[in-house]
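Peer 1: need the 3D shape of this:
(2 chains)
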Protein chains: 2
Amino acid sequence: MVVGIVGLGLMGGSMGLALKGIGEVSRVVGYDHNPEHRETALEHGLVDAVVTWEELKRCDVIFLAIPVEGIIKALGELEDVDAETTIIDLGSTKAKIVRNIPPSIRKNVVPAHPMTGTEKFGPDAAVANLYRDKIVVLCNIDESGERQRITAYTIFEAIGMKVVTMDAEEHDRHAAYISHLPHAISYALANAVLAQEDADSILILAAGGFKDMSRLAKSSPIMWEEIFKQNRDNLLEAMDHFEEELRLCRKLINDSDWKGVRTWMEEAKKLHDIL
Amino acid sequence: MVVGIVGLGLMGGSMGLALKGIGEVSRVVGYDHNPEHRETALEHGLVDAVVTWEELKRCDVIFLAIPVEGIIKALGELEDVDAETTIIDLGSTKAKIVRNIPPSIRKNVVPAHPMTGTEKFGPDAAVANLYRDKIVVLCNIDESGERQRITAYTIFEAIGMKVVTMDAEEHDRHAAYISHLPHAISYALANAVLAQEDADSILILAAGGFKDMSRLAKSSPIMWEEIFKQNRDNLLEAMDHFEEELRLCRKLINDSDWKGVRTWMEEAKKLHDIL
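Peer 2: The predicted model follows:
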């Protein structure tokens, strides 16, 4: 089959590289509105060729690896694809995207969220093993056509992913905690340090722990603005729960209740029995 | 010289391994109140021998690699060391420790904070390269004796560290932002997720970003309880500034001010131009 990838950044470019080793895929082509990205993608061999939108629409499988608002727009421009075409979107939010799939191509679309990524973006960030051994969530999969479901499973499993299925609303609630809240926290931590008069002196001391906690704050603001927008209500709820925990911690410290602080920390450590 | 290490966990055990390759050091001995730690340290070759407290006191250099409250207690039990002995404490807080050095051994002591570590603890966590290419902060170094200053510089540079000097109060203010606040945040994030009814389903989706953000919440509660206690006021202030940023982010999201959200994120990204 011929696969077309819309968006040749970290996710799309890495998908191009991952698909190279797959027997089922005869050719991978790419589409990107950014001329520099198109050029870099070809230079790095992320795709075999760059195509026009009309050519892209004739691919057997179309991946949408662009920011989440762009995915909704692109779906509107794919209404005339063949009934056998599989469209897989890789957006980090799912409910609003699912609600906005044009009914005429509902069976064509498989809404997917690969639980992987890095804080880097653009075609230079693409790596061949980004998807290997990671989880991909397929949402509302009963509404996709059988052919499209099988195609999506075949591709994701061929590139080494573990497929999990979930309702889109449930996905968005979970993603708020596991991904969107950590990004908000990381940006807030970075800003809290930068707002200090002696930020430079503070950062001289930065070691692994701080670097890990602030790494997500390198992520693309354009991309994350749209994710926060689409998952606003779930994110606000997750932020409330996090702030509640932080307030409890602050109160225990303020009250010099050290036994309470320790118990609270021991509670948190249980996370890693599950993870 | 003969070096003695009090506390054969991650920091002390790794120091033992690091000192093995150093020409200036003829022998490394260890002290730990936990019999299992003593045994494991010997098995792993972290130290050449385990000694009694009386033997330890006769070492040329004594490292205190124990929780910060224990450091203060240990300093009180080292009042009768030789005038030439160098005592280096590796505590994560410095002001309270400096204030509690018995005046009779003030020149013996070099208060140090190596900006390194992992969330692991105990002698099994010790690694030979924990200190290499990392920063160590020496505090109120003018109050240490010349011999002790030279000894501390010699050892830290020999194991590949970059020495930075700082006032203990300043260190504690900075450490609150760069290390203690990130730990509080990580514990709070872990607890916020665990408090959800469907914590297990949420954690199935955990990828690199969440794992990085929650990694510090694996750290030893006993150790961190004492650090929070000793740096209470600075930590509360850092928490306030962080919460302020998070509240701002929450308000922008709540108001659907997406341009504001993006600007706020772009501000945070500047961190990595410095870091």
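Peer 1: could you tell me how many residues sit around A:Ile253?
Peer 2: 23 (other Cβ atoms under 10 Å in any protein chain shown). In this view, the C-beta of every residue, glycine as well, is placed from N, C-alpha and C.
Peer 1: helix or strand for it, which one?
Peer 2: Element membership of A:Ile253, judged by DSSP states H and E, is helix A:232-254.
Peer 1: by contact count, what packs against that helix?
Peer 2: helix A:168-175, helix A:181-194, helix A:258-269, helix B:181-194, helix B:232-254 (3 or more Cβ pairs under 8 Å, 6 or more residues apart in numbering or on different chains; DSSP states H and E).
Peer 1: dump these to JSON lines, plus mean pLDDT and distance to B:Gly7.
Peer 2: Formatted as JSON lines, the helices and strands packed on helix A:232-254 follow (pLDDT from 0 to 100; distance: least, Cβ to Cβ, whole Å):
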{"stretch": "helix A:168-175", "mean pLDDT": "97", "distance to B:Gly7": "41"}
{"stretch": "helix A:181-194", "mean pLDDT": "97", "distance to B:Gly7": "30"}
{"stretch": "helix A:258-269", "mean pLDDT": "96", "distance to B:Gly7": "19"}
{"stretch": "helix B:181-194", "mean pLDDT": "97", "distance to B:Gly7": "19"}
{"stretch": "helix B:232-254", "mean pLDDT": "98", "distance to B:Gly7": "23"}
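Peer 1: reformat the ones you listed as CSV; add distance to A:Val47.
Peer 2: Listed next are the helices and strands packed on helix A:232-254 as CSV, based on distance: least, Cβ to Cβ, whole Å:
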stretch, distance to A:Val47
helix A:168-175, 28
helix A:181-194, 28
helix A:258-269, 44
helix B:181-194, 37
helix B:232-254, 36
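Peer 1: which among those helices is found nearest to B:Val2?
Peer 2: helix B:181-194 (34.5 Å; Cβ to Cβ).
Peer 1: how far off helix B:232-254 does that closest one point, in degrees?
Peer 2: 50 degrees (axes from the mean of the first three to the mean of the last three Cα atoms, to 10 degrees).
Peer 1: after helix B:181-194 comes which helix or strand?
Peer 2: That would be, after helix B:181-194 and using DSSP H and E, helix B:199-204.
Peer 1: starting at the chain centroid, how far to that following helix?
Peer 2: Relative to its chain's centre, helix B:199-204 lies at 31 Å (Cα atoms, centre = their mean, to the nearest Å).
Peer 1: which positions within it qualify as buried?
Peer 2: B:Ala199, B:Ile202, B:Leu203, B:Ile204 (16 or more other Cβ atoms under 10 Å in any protein chain shown).
Peer 1: the second one touches A:His180, doesn't it?
Peer 2: No: with contact defined as Cβ atoms under 8 Å, B:Ile202 does not reach A:His180; the gap is 11.9 Å.
Peer 1: where's A:Asp82 relative to A:Ile155, distance?
Peer 2: Distance from A:Asp82 to A:Ile155, counting by Cβ to Cβ, to the nearest Å: 18 Å.
Peer 1: try A:Ile202
Peer 2: 46 Å.
Peer 1: check A:Pro123 too.
Peer 2: According to Cβ to Cβ, A:Pro123 stands 21 Å off from A:Ile155.
Peer 1: so A:Glu225 touches B:Gly260, yeah?
Peer 2: No: A:Glu225 is beyond contact range of B:Gly260, at 9.5 Å (criterion: Cβ under 8 Å).
Peer 1: between the two, which one's more packed in?
Peer 2: Ranked by neighbour count (other Cβ under 10 Å), A:Glu225 and B:Gly260 place A:Glu225 first, with 24 against 16.
Peer 1: who's in contact with whichever strand or helix holds the more buried one?
Peer 2: For A:Glu225, the host element (DSSP H and E) is helix A:221-230. With contacts defined as Cβ atoms under 8 Å, 6 or more residues apart in numbering or on different chains, helix A:221-230 is touched by A:67-70, A:92-93, A:95-97, A:121, A:180, A:183-184, A:235, B:253, B:256, B:258, B:261-262, B:265-266, B:269.
Peer 1: next: stretch A:67-87.
Peer 2: With Cβ under 8 Å, 6+ apart, stretch A:67-87 has contacts from A:6-7, A:53, A:57-62, A:64, A:66, A:89, A:91-93, A:96-97, A:100-102, A:104-105, A:107-110, A:147-148, A:151-152, A:222-223, A:226-227, A:229-230.
Peer 1: any idea of the angle the helix holding A:Glu225 forms with helix A:181-194?
Peer 2: 130 degrees.
Peer 1: check which residues of helix A:221-230 are buried.
Peer 2: Residues of helix A:221-230 classed as buried: A:Pro221, A:Met223, A:Trp224, A:Glu225, A:Glu226, A:Ile227, A:Phe228, A:Lys229, A:Gln230 (neighbour count, 16+ other Cβ under 10 Å).
Peer 1: tell me the confidence at the third one?
Peer 2: Read that as A:Trp224. On pLDDT, A:Trp224 comes in at 96.
Peer 1: can you check the last one too?
Peer 2: According to the per-residue confidence, A:Gln230 scores 97 in pLDDT.
Peer 1: for the closest residue to it other than its chain neighbours, give me its contacts.
Peer 2: Among residues not flanking A:Gln230 along the chain, A:Thr93 sits closest, at 4.1 Å (Cβ to Cβ, 6 or more residues apart in numbering or on different chains). If you count contacts by Cβ under 8 Å, 6+ apart, A:Thr93 has them with A:Val68, A:Asp172, A:Ala175, A:Ile227, A:Gln230, A:Asn231.
Peer 1: kindly report the same for A:Ala168.
Peer 2: By Cβ under 8 Å, 6+ apart, the neighbours of A:Ala168 are A:Lys94, A:Ala95, A:Ile97, A:Val98, A:Pro111, A:Cys139, A:Asn140.
Peer 1: again with A:Thr154
Peer 2: A:Glu24.
Peer 1: pretty sure A:Asp212 sits in a helix.
Peer 2: Yes: applying DSSP: H, G, I helix; E, B strand; the rest coil, one finds A:Asp212 inside a helix.
Peer 1: of the contacts of stretch A:67-87, buried ones?
Peer 2: Buried, going by 16+ other Cβ under 10 Å: A:6-7, A:57, A:59-62, A:64, A:66, A:89, A:91-93, A:96-97, A:101, A:105, A:107-110, A:148, A:151-152, A:223, A:226-227, A:229-230, out of the contacts of stretch A:67-87.
Peer 1: please list the members of the residues you listed that lie in strands.
Peer 2: Within the buried ones among the contacts of stretch A:67-87, residues falling in strands by DSSP state E are A:Val6, A:Val61, A:Ile62, A:Leu64, A:Asp89, A:Val109, A:Val110.
Peer 1: burial measure for A:Leu138, as a count.
Peer 2: 22.
Peer 1: what do you get for A:Glu119?
Peer 2: That count, for A:Glu119 with other Cβ under 10 Å as the rule, works out to 20.
Peer 1: what helix or strand is it on?
Peer 2: Applying DSSP H and E, one finds A:Glu119 in no helix or strand.
Peer 1: not counting sequence-adjacent ones, nearest residue to it?
Peer 2: In space, A:Glu119 is closest to A:Lys218, 4.0 Å off (Cβ to Cβ, 6+ apart).
Peer 1: do the same with A:Met213
Peer 2: That would be B:Pro182: by Cβ to Cβ, 6+ apart, it lies 4.4 Å from A:Met213.
Peer 1: what mean pLDDT does stretch A:80-91 have?
Peer 2: Rounded mean pLDDT across stretch A:80-91 is 98.
Peer 1: show me the residues around A:Arg147 that make contact.
Peer 2: Neighbours of A:Arg147 in contact, by Cβ under 8 Å, 6+ apart: A:Glu84, A:Thr86.
Peer 1: that one and A:Ala158: what is the separation?
Peer 2: 16 Å.
Peer 1: ok, A:Leu46 - contacts?
Peer 2: A:Leu8, A:Gly12, A:Gly13, A:Ser14, A:Gly16, A:Leu17, A:Gly30, A:Pro123, A:Ala126.
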